[in-house]
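Visitor: this is a predicted model, with the sequence first.
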Amino acid sequence: MNASSPLPSRLATADLALASVSSVMSAADMSGKVDPDRIAIAFRSDRLLRVDGEAPSVWSPFSGFWRGGDGWLRTHGNYPHHARALCRGLGMPADTGADELRSLFGAASVQESVDRIVAAGGLAVAVRRENPDHDAVLRERPLVEVTRIGGGEPSKPQASRDRAAPLRGIRVLDLTRVIAGPVCTRTLALLGADVLRIDPPNLPEPEWQHFDTGHGKRSTLLDARSPQMPALLSKADVVVLGYRPAALERLGLSPAVLAELHPGLIIAQLSAWGLDHPDRAGFDSLVQAESGIAMIESPDGERPGALPAQALDHSAGYLLAAAICETLARREREGGTWHISTSLRRVAAELLGMPRRDEPQPEREIDPAIHSQQFTISGRSVATAAPALPGFSFEAPHAWGGDRPRWRSPRTARE
């Protein structure tokens, strides 16, 4: 490990980031040398993002660490419906301020507050110390699991042999939100895939989040129960799922149902806590808090801290993209319907099993100007982090929800 790091932490954040990006290069048979500074900027892309010259506000006042009567809890309320649920669970109005929340949390046990928020549909976890035995059990399973779950003849080659766009001709349906899934599909689009992201019409995406991870993808609004969905799936090579497993079951989009209806499909699935927790929602910050990472990164041994980036999200996205590339090649040789899965919690266990330091390394300063790209999107000036993969440039994100729910035709066409 270097004396300084662009991602300083006690845990091996920079090593995890490097390994996850390198896995994509290996899977896509890419040459070139990765740049640790470029990777660090990509993993902290929300900090580089500028919209019309301004840094957007990316954290809600309802997201953060709070001291309870017997410890700490972590909440997440970046989406308005999660913030409303948090306030509803606590019996507080939606315009509750930080001082009122702090007083309320301090007067209750951590578990009491967590239970009330979760029961109302909000997101909160107790901040815990690491459990090495539990993490060791998690590491007994593959970091990314790949399983053949159905038949299907070997596919005709769809991907191009162009090293500048090795996935051109591959169709990817993107049913993900928030960082991990969008990073995965953004990476597939970067490699040339036709990626169509679908969002529900009644759940707007924060603009900054789309600008940060929407590169190269088309974006459409469509109810998952629409009759157009089976038609899109029937022509897809890959579907990437990022919603809770239980929600996918209710929508008829579980891997088992998709495999039965669409032989030959590659079904890639991301979750926060793993498929053993189908009803549980979560985000990178919550997994850091409950897994013990937040206390390992504590600035003083008392207050919880955080990794220098949402590294569980980003790493999971790159690792899943690498597995998709490998499985596309395997499907071409062997046929089959495939299920690929990983979770933020499994990635956290991997990080917790890597060598660590007693104290974070000094931070290495990076000039962000040489690791950024500029776009104009619907009249907005947007500056974002450049790709972590060497030799590639992003195509601009499309306007959120601005595309039709259909595939490009023919497969090799590019808009």
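Guide: Okay, I see it.
Visitor: which residue ranges make up each domain of this protein?
Guide: The chain is divided into the following domains under automatic domain parsing: 13-56+132-385, 64-126.
Visitor: with mean pLDDT and mean neighbour count added, can I get these in JSON lines?
Guide: Any C-beta I mention is one placed from the backbone N, CA and C, and that applies to glycine too. Output for those, formatted as JSON lines (pLDDT from 0 to 100; neighbours: other C-beta atoms under 10 Å):
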{"stretch": "domain 13-56+132-385", "mean pLDDT": "94", "mean neighbour count": "19"}
{"stretch": "domain 64-126", "mean pLDDT": "96", "mean neighbour count": "18"}
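Visitor: can I get those in JSON lines including distance to W400?
Guide: Output for those, formatted as JSON lines (distance: least, C-beta to C-beta, whole Å):
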{"stretch": "domain 13-56+132-385", "distance to W400": "5"}
{"stretch": "domain 64-126", "distance to W400": "15"}
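Visitor: how near is the nearest residue to S291 once chain neighbours are set aside to E290?
Guide: Nearest residue to S291 in three dimensions, chain neighbours excluded: A348, at 4.3 Å (C-beta to C-beta, 6 or more residues apart in numbering). Using C-beta to C-beta, to the nearest Å, we find A348 at a distance of 9 Å from E290.
Visitor: and the helices in the stretch 151-300 of the chain?
Guide: 180-190, 207-213, 228-234, 245-250, 255-261, 284-291, 293-296 (DSSP state H, counting those that start in this stretch).
Visitor: of all the domains of the chain, which one is nearest R406?
Guide: Among those, the nearest to R406 by C-beta to C-beta is domain 13-56+132-385 (7.5 Å).
Visitor: for the closest one, measure first residue to last.
Guide: End-to-end distance of domain 13-56+132-385: 18 Å, with C-alpha to C-alpha, to the nearest Å as the criterion.
Visitor: and the residue at the greatest distance from the centre of the chain, what is it in contact with?
Guide: What lies farthest from the middle of the chain is A107; by C-alpha atoms, centre = their mean that is 34.3 Å. Applying C-beta atoms under 8 Å, 6 or more residues apart in numbering to A107 gives the contacts G69.
Visitor: what does the one 10 residues further on give?
Guide: Under the criterion of C-beta under 8 Å, 6+ apart, the neighbours of I117 are 75, 85-86, 89-90, 123-124.
Visitor: reformat those residues as JSON lines; add distance to P397 and secondary structure.
Guide: Formatted as JSON lines, the contacts of I117 follow (distance: C-beta to C-beta, whole Å; DSSP: H, G, I helix; E, B strand; the rest coil):
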{"residue": "T75", "distance to P397": "29", "secondary structure": "strand"}
{"residue": "A85", "distance to P397": "29", "secondary structure": "helix"}
{"residue": "L86", "distance to P397": "29", "secondary structure": "helix"}
{"residue": "G89", "distance to P397": "34", "secondary structure": "helix"}
{"residue": "L90", "distance to P397": "36", "secondary structure": "helix"}
{"residue": "L123", "distance to P397": "26", "secondary structure": "strand"}
{"residue": "A124", "distance to P397": "31", "secondary structure": "strand"}
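Visitor: right, and the pair among those residues with maximum separation?
Guide: Among the contacts of I117, the pair separated by the greatest distance (C-beta to C-beta) is L90 and L123, at 12.8 Å.
Visitor: how far does the helix or strand harbouring the residue nearest to S291 sit from its chain's centre?
Guide: Secondary structure from DSSP states H and E places A348 in helix 344-352. Relative to the chain's own centre, helix 344-352 is displaced by 14 Å; criterion: C-alpha atoms, centre = their mean, to the nearest Å.
Visitor: check contacts around the closest residue to G64 other than its chain neighbours.
Guide: Computed as C-beta to C-beta, 6+ apart, the closest residue to G64 that is not its neighbour in sequence is T75, at 6.4 Å. T75 is in contact with 62-64, 66, 86, 117, 122-124, counting by C-beta under 8 Å, 6+ apart.
Visitor: what's opposite T75 in the beta bridge?
Guide: G64, A124 (DSSP bridges).
Visitor: where's it relative to D15, distance?
Guide: According to C-beta to C-beta, T75 and D15 sit 30 Å apart.
Visitor: over to G91?
Guide: 45 Å.
Visitor: repeat that for R333.
Guide: 32 Å.
Visitor: and the gap between R404 and T220?
Guide: Taken as C-beta to C-beta, the span from R404 to T220 is 6 Å.
Visitor: the residue nearest to G64 and T213, how far apart?
Guide: Using C-beta to C-beta, T75 is found at 23 Å from T213.
Visitor: before we move on, what about S378?
Guide: Distance from S378 to T213, by C-beta to C-beta: 17 Å.
Visitor: and if you look at D115?
Guide: For D115, the distance to T213 - C-beta to C-beta - is 32 Å.
Visitor: any idea whether T342 is helix, strand or coil?
Guide: T342 falls in the strand class when you classify it by DSSP: H, G, I helix; E, B strand; the rest coil.
Visitor: which residues does it bridge with?
Guide: Following DSSP bridges, T342 is listed with bridge partners L270.
Visitor: can you give me every residue that contacts it?
Guide: 143-145, 270, 316, 319-320, 323.
Visitor: filter those residues down to the ones in helices?
Guide: Residues of these located in helices (DSSP state H): 316, 319-320, 323.
Visitor: between those residues, which sits nearest L49?
Guide: A316 (20.1 Å).
Visitor: which ones are touching that closest one?
Guide: Listed by C-beta under 8 Å, 6+ apart, the contact partners of A316 are 20, 180, 183-184, 270, 342-344, 347.
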